[in-house]
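Participant: can't give you the sequence, but here's the structure:
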C-alpha cells in the first residue's frame with residue numbers, strides 16, 4: 001500500500017506530462033517515509049466524460065486519490081498528505097498559472113476486513129538490489 005490514482009480531464013493531455021506527474025506523486029509518497037516502496041502503486045486515469053463549473057472546454061481537473069491501509073494516526077496521515085499535496089501542486093504549477101484548473105486530493109483508509117492481497121514484489125526488489133535474479 002498505498003494506491004495513488006491520478007484522475008484528470010482529457011483536455012489536459014496536451015499540457016501535462018502525465019507520466020512525469022505519476023512519477024512525481026509516487027516519489028512524494030516514498031518521501032513521506034511511511035509507505036513501503038514495494039507496496040506503492042501509482043497510476044493515472046484519463047476522464048473523457050466530465051463537466052466542470054460553467055462547462056467551458058478549457059476547464060480542467062486533476063484529482064488525486066490515495067488509498068492506504070488503516071491504522072495510522074491522523075497526524076501521520078495529515079503530514080503525509082501535506083507533503084504529497086505540496087508535490088502535486090508544485091508539479092502542476094505552470095499549468096495552474098496558465099489554465100483554469102481544479103486540483104484536489106483525498107486520502108482514504110482501506111477497511112482491513114474487506115481487502116485481500118497477494119504480493120511478491122518485495123522479493124524481486126531485494127533480488128534486484130543484490131544483483132541476483134529472484
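Facilitator: Cool, the structure landed. Note that the structure is a prediction, hence the values are computed from the model and not measured. Numbering: from 1, shown residues only.

Participant: Kindly list the longest helix within this structure.
Facilitator: Ranked by number of residues, the top helix in the chain under DSSP state H is helix 74-91.

Participant: pLDDT of that helix, averaged?
Facilitator: In this model, helix 74-91 has an average pLDDT of 97.

Participant: cool, stretch 11-29 as well?
Facilitator: 97.

Participant: Give the burial count for the nearest residue to residue 69 once chain neighbours are set aside, as a bare number.
Facilitator: Using Cβ to Cβ, 6 or more residues apart in numbering and skipping residues adjacent in sequence, the residue nearest residue 69 is residue 1, 4.4 Å away. C-beta: built from backbone N, CA, C; applies to glycine. As a burial measure, residue 1 scores 18 neighbours (other Cβ atoms under 10 Å).

Participant: Residue 18 too?
Facilitator: 15.

Participant: And it, how close does it get to residue 4?
Facilitator: From residue 18 across to residue 4, the span is 13 Å (Cβ to Cβ, to the nearest Å).

Participant: Residue 111 too?
Facilitator: Taking Cβ to Cβ, one finds residue 111 at 18 Å from residue 4.

Participant: out of these two, which sits in the busier spot?
Facilitator: residue 4 (24 against 9).

Participant: mind checking the SS state of the more buried one?
Facilitator: Classification of residue 4 by DSSP: H, G, I helix; E, B strand; the rest coil places it in strand.

Participant: rewinding a little: tell me which residues in the longest helix of the chain are buried?
Facilitator: Applying a neighbour-count criterion of 16 or more other Cβ atoms under 10 Å, one finds 77, 80, 81, 83, 84, 85, 87, 88, 91 buried in helix 74-91.

Participant: Hmm, residue 19 and the last one touching each other?
Facilitator: No: the pair formed by residue 91 and residue 19 falls short of the contact definition of Cβ atoms under 8 Å, at 11.6 Å.

Participant: anything in contact with each of those two?
Facilitator: Common contact partners of residue 91 and residue 19 (Cβ atoms under 8 Å, 6 or more residues apart in numbering): none.
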